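Engineer: Need coordinates for the following:
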Amino acid sequence: MSMEMESGTLMKGVKMKADVKAATKATAESTYTMTGNLEITTSCPTPEDPMETAIGYWVFVVDNHAGTATAIQPIGVCRYGNGYWNVAPDCPFEACIDAQCKECREWME
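Structural biologist: Predicted coordinates for the structure are as follows:
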């Protein structure tokens, strides 16, 4: 997995800029020593709009090319509201500008 992270990190088929790739790689590498099942309990903050009941929690998963190894990042993002709660962010967490990852800084190579 480490060698594949060196050769190129893709999200949605697009290569990441060097700084975003390095941060994504570091986060993924922190999971390399973990094996088996891991249960993490987390909660999302109360939405700003009390009428908002749709909440999704997203994590990023890094797979190797062969699909034989997976690194699940230990961090995630809570997304609220129509068009967000059930839609994955458009960028890696390392490129998110806001807490819900609705806005991204430039991350594509």
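Engineer: For G76, grab the count of nearby residues.
Structural biologist: 17 (other C-beta atoms under 10 Å). For every residue, glycine as well, the C-beta is placed using N, CA and C.
Engineer: no wait, P89
Structural biologist: Neighbour number of P89 under other C-beta under 10 Å is 19.
Engineer: and if you look at the one 4 residues further on?
Structural biologist: F93 is surrounded by 19 other residues when neighbours are defined as other C-beta under 10 Å.
Engineer: what's the answer for R105, then?
Structural biologist: Once other C-beta under 10 Å is used to define contacts, R105 is seen to have 12 neighbours.
Engineer: so it makes contact with E94?
Structural biologist: No. With contact defined as C-beta atoms under 8 Å, R105 and E94 do not form a contacting pair (9.1 Å).
Engineer: what distance separates whichever helix in the chain runs longest from the middle of the whole chain?
Structural biologist: Taking DSSP state H as the criterion, the chain has its longest helix at helix 18-29. Taking C-alpha atoms, centre = their mean, to the nearest Å, one finds the center of helix 18-29 at 11 Å from the center of the full chain.
Engineer: Please point out which parts of the helix or strand immediately after that helix in the chain sit buried.
Structural biologist: Next helix or strand after helix 18-29 toward the C-terminus (DSSP states H and E): strand 55-63. Using 16 or more other C-beta atoms under 10 Å as the test for burial, strand 55-63 gives I55, G56, W58, F60, V62.
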